[in-house]
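Here is a sequence with its predicted model. Questions after.
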Amino acid sequence: MTQEPVSLAQALASFTDCWSPRIVTAVNDYDVRIAKVEGEHVWHAHDHTDEFFLVLDGELRIALREPAGERTVVLPRGSVFTVPRGTEHKPSASVPTAILMFEPTGTVTVGDRHDEVPAHVDATTGRPYTPYPSL
């Protein structure tokens with residue numbers, strides 16, 4: 001991990017894949033990941049960690065399966081939300097959206113339990129962001 005400032009705008013401009021997060025830095029044992037999202041992710045749950053979302057641009061919807069039933073939270077640009085550990089959730093975006101997430105290093109994007117992973121979702125622990133790939 002570089003100890004140089006990272007421009008989120010430049011990092012987001014460096015890739016086009018949706019649902020394929022890039023790790024831009026780390027804080028203690030947590031990755032700071034950015035992703036472009038559009039369409040639907042997959043129902044999944046992280047059994048051992050909460051999942052933090054910050055919407056940088058666009059609008060993110062997160063469907064939640066909670067003891068009281070299903071509900072959907074809507075996060076416009078500038079909003080944050082934390083999905084509690086063990087909660088089944090399914091992010092989606094009807095417009096191109098950019099998000100930032102905090103997750104423990106090594107956390108798989110589709111969680112510990114999930115539905116079948118569609119081809120457009122990258123089941124990864126995050127891909128490193130390389131600001132100068134030609135160097």
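Thanks, I have the structure now.

Surely residue 12 is in a helix?
Yes. Judged by DSSP: H, G, I helix; E, B strand; the rest coil, residue 12 forms part of a helix.

tell me the contacts of residue 93?
Listed by Cβ atoms under 8 Å, 6 or more residues apart in numbering, the contact partners of residue 93 are 37-39, 58-61. Glycine gets a C-beta too; all of them are placed from N, C-alpha and C.

Pipe those residues into CSV and attach neighbour count and pLDDT per row.
CSV is the format used below for those (neighbours: other Cβ atoms under 10 Å; pLDDT from 0 to 100):
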residue, neighbour count, pLDDT
37, 23, 97
38, 14, 97
39, 14, 96
58, 18, 98
59, 16, 98
60, 25, 98
61, 15, 98
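
Pull the most distant pair out of these.
Spatial extent of the contacts of residue 93 (Cβ to Cβ) is set by the pair 39 and 59 at 13.1 Å.

which stretches of the protein have low pLDDT?
Residues of the chain meeting the criterion pLDDT under 70: 1-2, 132-135.

Show me the strands in it, by range?
22-27, 30-40, 44-45, 51-57, 59-66, 69-76, 80-83, 88-104, 113-114, 127-128 (DSSP state E).

quick one: which of these is nearest residue 7?
Of all the strands of the chain, strand 22-27 comes closest under Cβ to Cβ, at 9.4 Å.

nearest residue to the residue positioned nearest the centre of the chain other than its sequence neighbours?
The chain has residue 101 as the residue nearest its centroid, 5.0 Å off, counting by Cα atoms, centre = their mean. Distances taken as Cβ to Cβ, 6 or more residues apart in numbering place residue 33 nearest to residue 101, at 4.7 Å, with adjacent residues excluded.
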